[in-house]
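**Student:** build the 3D model from these lines:
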Amino acid sequence: MEIKKFKKLKNNIYELELDNGSLVKLYDDVIVKYSLLINKKIDSKLLDEITKYNTSLDAYYLSLKYISKKLRCEKEIEKYLTKLEFNKDVIDKTISKLNKDGYLKHDIYIKSYINDIYNFNNYGPDKIKFNLRELGFNLNEIEPYLEDKDFRSKAIKIIDKKVKANHKLSNYMLKQNISNYLINLGYPKDIFYDYLDNIKINNKDILFKEASNYIKKYSKKYQNKELLYFVKDKLYKKGYNSDEIDEVLNELL
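**Tutor:** Next up, the predicted model:
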């Protein structure tokens, strides 16, 4: 086969027309490496070698473009190139070259990731560790960058906000709700439990409203003691204690 024509395209890519009518797109690096401007005759074996080398450059340059928009780790590069249908060998070599050329620095990625999450998200340390481990990092790499972060203060802010917004939960249920919420966000209990445990909420106004709504809703279905027991059971299951319930029901009934 012989190269009949070169046509320059975008992004340092050339389209080569062969004498058999086929078109091949190659990076200018490939053309220079194989001296194709001079040696225009190529056999099928050389064409295969050239194509493979061009594919490796394609994966590398696409990865650089991907990285230029945002810091990426090895797992993200792997997922990105897999989606673009590069084979495993090309992906592994691309990641190796990116590491060698200094584009995939673990410490910079981890530090940046943790700073972004800490400043713009409510995730706690356990959630951050889990996410970074899913991305292929180990605890020894992660933990040093968490040590200077005040996650207790973040947890306290979340607790105060939840308490202030509460209009219907009992003291017990609210604390359970907040505790579960924080644990799901990745905060270990020892960070926030003492602060949450010391919060005291005046249940009476909320309880009075809850009891009134139950009485109004079920007064046609139940009457007298039957209504009393039914409402007491409903309120008890919501986390109110017996003394609180009796006091409010004595006022209402």
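**Student:** please report how far residue 127 lies from residue 182.
**Tutor:** Distance, residue 127 to residue 182, using C-beta to C-beta, to the nearest Å: 10 Å. Where C-beta positions appear, they are placed from N, C-alpha and C, glycine not excepted.
**Student:** kindly apply the preceding question to residue 205 instead.
**Tutor:** Distance from residue 205 to residue 182, counting by C-beta to C-beta: 25 Å.
**Student:** which one of residue 127 and residue 182 has more residues nearby?
**Tutor:** Relative neighbour count places residue 182 above the other of residue 127 and residue 182, with 23 against 17, counting by other C-beta atoms under 10 Å.
**Student:** give me the pLDDT for that one.
**Tutor:** You'll see residue 182 listed with a pLDDT of 98.
**Student:** now swap in residue 203 and tell me
**Tutor:** Note for residue 203: predicted pLDDT of 67.
**Student:** residue 127 contacts residue 183, correct?
**Tutor:** No: using C-beta atoms under 8 Å, residue 127 is not in contact with residue 183; the gap is 9.7 Å.
**Student:** list the buried residues for stretch 186-202?
**Tutor:** 186-187, 191-192, 196 (16 or more other C-beta atoms under 10 Å).
**Student:** same deal with stretch 68-82?
**Tutor:** By 16+ other C-beta under 10 Å, the buried positions in stretch 68-82 come out as 71-74, 76-78, 80-81.
**Student:** circling back: ok, so of the buried residues of stretch 186-202, who is nearest residue 5?
**Tutor:** residue 186 (59.3 Å; C-beta to C-beta).
**Student:** for the nearest residue to residue 170 once chain neighbours are set aside, the count of nearby residues, please.
**Tutor:** Spatial nearest neighbour of residue 170, excluding adjacent residues (C-beta to C-beta, 6 or more residues apart in numbering): residue 239 at 3.8 Å. Other residues within reach of residue 239, judged by other C-beta under 10 Å, total 18.
**Student:** narrow the buried residues of stretch 68-82 to those in helices?
**Tutor:** Members of the buried residues of stretch 68-82 lying in helices (criterion: DSSP state H): 74, 76-78, 80-81.
**Student:** what does stretch 152-165 rub up against?
**Tutor:** Identification of contacts with stretch 152-165 by C-beta atoms under 8 Å, 6 or more residues apart in numbering yields 118, 122, 124, 174, 177-178, 181-182, 185, 187, 191-192, 195-196, 199, 201.
**Student:** backbone dihedrals for the residue nearest to residue 170, please?
**Tutor:** Main-chain dihedrals, residue 239, degrees, to the nearest 10: phi 100, psi 0.
**Student:** what's near enough to touch it?
**Tutor:** Counting by C-beta under 8 Å, 6+ apart, residue 239 touches 169-173, 176.
**Student:** any chance of the residues you listed in a markdown table, plus pLDDT and neighbour count?
**Tutor:** Output for the contacts of residue 239, formatted as a markdown table (pLDDT from 0 to 100; neighbours: other C-beta atoms under 10 Å):
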| residue | pLDDT | neighbour count |
| --- | --- | --- |
| 169 | 80 | 20 |
| 170 | 78 | 22 |
| 171 | 81 | 20 |
| 172 | 83 | 14 |
| 173 | 85 | 17 |
| 176 | 92 | 14 |
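**Student:** now distance to residue 31 and secondary structure too, for the residues you listed, in CSV please.
**Tutor:** Shown next, in CSV, are the contacts of residue 239 (distance: C-beta to C-beta, whole Å; DSSP: H, G, I helix; E, B strand; the rest coil):
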residue, distance to residue 31, secondary structure
169, 70, coil
170, 75, coil
171, 75, helix
172, 74, helix
173, 71, helix
176, 68, helix
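**Student:** for residue 61, state which of the residues you listed is nearest.
**Tutor:** Nearest to residue 61, judged by C-beta to C-beta, of the contacts of residue 239 is residue 176 at 53.2 Å.
**Student:** excluding its backbone neighbours, what's nearest that closest one?
**Tutor:** Excluding the flanking residues, the one nearest residue 176 by C-beta to C-beta, 6+ apart is residue 239, at 7.5 Å.
**Student:** all good on my end, thank you.
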